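Visitor: sequence below, structure please.
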Amino acid sequence: MQYSIVQKSQLEGALRLDAEYYQPEYLELNSKLKSQKSKSISELVSDIRYGLYVEPEYLEKGVNFIRALNLLNFWIDGEILKIDERKVPPAYRLKAGDVLIVRSGANTGCVGLVYPRFEGATFGSYTIRLRFNKINPFFAAIFLNTKYGLLQTQRLQTGMAQPNLNIPNIKEIKIPLFSERIQNEIEKICLEIEKEREKSENFYSQAENLLLEELGLKDFKIEDELSYIVNLSKIKSAHRADAEYFQPKYDKIEKILSKFKQQRLEDVSSLISYGTVPTSPYVEDGVPYVKGENLRNCFIDYSKLVYLDRESTRKLPKKFYLKEGDIIISQMGTVGQAGLVTKDEDGWLFASFTIRVRLKDEVKSILDPLFVTLYIQNISRPYYLLRRIAQASVRQNTDLPTIKDLRIPILPKPTQQKIANLVQKSHEARKKAKQLLEEAKRKVEELIKK
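Guide: Here you go, the predicted structure:
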């Protein structure tokens, strides 16, 4: 049993009666920050505001629109949507050094830093923008990502079913005031993080472009046609009547890809199967459990990784455990996102709404697993999987028969390896950026401990 002794004056000052707010770790943190020089966020910012409540659009041009789901890795990440410039008041334009906090949803409390490349962008209603003017914003962003910052945001969250943060609560968060020299050291690490992240994006973009070039799709303009004629026989054979399925662009893509020798995924795989349902509530330390939202840039992203109790998973069949070289494909929601399993993820579990593909050992001499992963995510996803998604479901989803029938073009092995090497370099740079982030957080945490 765990309990805390709380002074009546503390209850009156906080206006909170829930026991969670007075957990010993929170009280210890509060005491630690009080013992050194610190200020509340309200004293360190020139502006703090909620984001815009507007619907993002899939526009080619417009203002970058940063959503809560883009703030998982400290830097702004993932697919960036755009909105019409006319919908963005000047006060909602981001500046380099702005800090964004997710105020509601699954990743409440996640913090992201705005680097120069996103200057002029805007931000959504599930985020709060902080503009620091009396402390180095790089240092402030790193502190908010440390356990001392995260504990404060966790403590200040309200709501049971849907945790959320509001501006009055965020203003209470205390940030320690270290010397300018220390703050500048943290800023230097943050700038190195951005360099590595840019390298990662450049390598990945090179891999995507090379893949398109080798497939003959580099200059192919894919446009939806407003009207077209489809034979009744095609409708009957497809067992589909929705107009989108028969868009001419799909036939054009298939015609281009038919120039290559292709193999059905089932024919080159020793195992294609669904994952397992959770065997226990999520725990802090257990067997990692990979879901569709963990698949990013052809690998497994650890940002939102959850864990299952080891005892409850012991009797699970071997088929639910991952092996190095497996390819995981998201089956529902983020249909077609794919990730390659490395030796670091060997022995992990994968979720029921994902599908695992294990290539035959003898096939790997003609098919590089990382090339296959990129092909599934960048080509099969938009032109095969999303075309064949189940129409009767509220959420987009695919299934085993569709994955098994997916065809992979057999490019020359050196070409595949060249593409795979670029994806691997992208992954390594991304890992370096995360290591630098951990280094910066560790430095700040050690200073607070001392």
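
Visitor: now Ile135: how far from Ser38?
Guide: The gap separating Ile135 from Ser38 is 10 Å, by Cβ to Cβ, to the nearest Å. From N, CA and C alone the C-beta is placed, and that goes for glycine too.

Visitor: one more: Lys425?
Guide: Going from Lys425 to Ser38 by Cβ to Cβ gives 41 Å.

Visitor: cool, and Ile182?
Guide: 14 Å.

Visitor: again, but for Asp285
Guide: Distance, Asp285 to Ser38, by Cβ to Cβ: 30 Å.

Visitor: so these two - more neighbours on which side?
Guide: Ser38 (18 against 7; other Cβ atoms under 10 Å).

Visitor: what sits against that one?
Guide: Neighbouring residues of Ser38 by Cβ atoms under 8 Å, 6 or more residues apart in numbering: 174-177.

Visitor: for Leu406, same thing?
Guide: Contact analysis of Leu406 by Cβ under 8 Å, 6+ apart lists 264-265, 376, 380, 384-385.

Visitor: what pLDDT does it get?
Guide: pLDDT, Leu406: 95.

Visitor: next one: Ala238
Guide: 58.

Visitor: can you check Val114 too?
Guide: As predicted, Val114 sits at a pLDDT of 96.

Visitor: give me the nearest residue to it, chain neighbours excluded.
Guide: Asp98 (4.2 Å; Cβ to Cβ, 6 or more residues apart in numbering).

Visitor: OK, contacts around the one you found?
Guide: Per Cβ under 8 Å, 6+ apart, neighbours of Asp98: 113-114, 129-131, 137.

Visitor: quick one on the thing from earlier: now, which of the contacts of Leu406 lie within strands?
Guide: Arg264 (DSSP state E).

Visitor: any chance of CSV for the contacts of Leu406, columns neighbour count?
Guide: CSV is the format used below for the contacts of Leu406 (neighbours: other Cβ atoms under 10 Å):
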residue, neighbour count
Arg264, 12
Leu265, 21
Ile376, 24
Ser380, 22
Tyr384, 21
Leu385, 25
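
Visitor: so Arg197 sits against Lys431, correct?
Guide: No. Contact criterion Cβ atoms under 8 Å: Arg197 and Lys431 do not qualify, at 10.9 Å.

Visitor: quick one: which of those two has more around it?
Guide: In this view Arg197 and Lys431 are compared by other Cβ under 10 Å, and Arg197 has more residues nearby, 24 against 14.

Visitor: in what helix or strand does the more buried one lie?
Guide: Using DSSP states H and E, Arg197 sits within helix 180-215.

Visitor: tell me the mean pLDDT for that helix?
Guide: So the average pLDDT for helix 180-215 ends up being 96.

Visitor: alright, calling it a day.
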